[in-house]
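Q: build me a structure from this.
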Amino acid sequence: MRGDLDRVLFDEPAINRRLDELAQQISNDYRDRELTAIAVLTGSLMFMADLLRRVSLPVKLDCLSVASYHGKAHTMGKVTFKEVTLPDVGDRDILIVDDILDSGHTLAAVREKLESAKPRSIRVCVLLSKKKQRARHVDADYVGFEIEDEFVVGYGLDFRGRYRNLPYIGVLRRELLKGEGMKGAW
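A: All right, here's what the predicted structure looks like:
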């Protein structure tokens, strides 16, 4: 699988150092409060698990299964929620945890859906944030790493269901994306 990458952006030690920093910041910001973390599945699983083990306060965990890429390398803007009911977030401090802030479609839809349940507060934590103009405006309160507008895999991020298990984050070789409508993203 390493041969499918153009290069590694963040190795395992770099990711672990950044997780320690993010967890400390979240623990300080939510000091003396219980936090409800909502993981956006499936890409955030590894990030969320490793991050929350480092947070030093009471955390309730729930998940939302959401899709916007639908097996493609780019989003068409349609966000699908796979659950019928929302997690119980009323009057709670919510931290949405996602793998990547790219177009903004997914996180904007998740935030709007959760806001309808009247939480006390909502913040967003992403492992990666692409430096690009977004289709929908979304701010992340906690960002692991900012990256250029490249197609990345590893550490939970996938292409066609593969590469999630890599312990690092890398840029997928362009030729593997041929036929995926990625011309404009490079």
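Q: which parts of this structure are helices?
A: With DSSP state H as the criterion, the chain has helices at 12-29, 45-52, 105-115.
Q: from the contact counts, what lies against the last one?
A: In terms of contact count using 3 or more Cβ pairs under 8 Å, 6 or more residues apart in numbering; DSSP states H and E, helix 105-115 is assigned the packing partners strand 35-41, strand 59-67, strand 93-101, strand 121-130. Backbone N, C-alpha and C define where each C-beta goes, glycine included.
Q: which of the ones you listed has the lowest average pLDDT?
A: Of all the helices and strands packed on helix 105-115, mean pLDDT reaches its minimum on strand 59-67 (a mean of 88).
Q: chain center to that one, what's the gap?
A: 11 Å (Cα atoms, centre = their mean, to the nearest Å).
Q: which other residues reach it?
A: Strand 59-67 is contacted by residues 34-42, 48, 52, 79-83, 86-89, 92, 106, 109-110, 113 when judged by Cβ atoms under 8 Å, 6 or more residues apart in numbering.
Q: can you list the strands that it pairs with?
A: Partners of strand 59-67 in the sheet, by DSSP bridges, are strand 35-41 (parallel), strand 80-81 (antiparallel).
Q: got the angle for it vs helix 105-115?
A: If you take axes from the mean of the first three to the mean of the last three Cα atoms, to 10 degrees, strand 59-67 sits at 130 degrees to helix 105-115.
Q: now strand 59-67: buried residues?
A: For strand 59-67, burial by neighbour count (16 or more other Cβ atoms under 10 Å) applies to 59, 63, 64, 66, 67.
Q: that's all I had, so thanks and see you.
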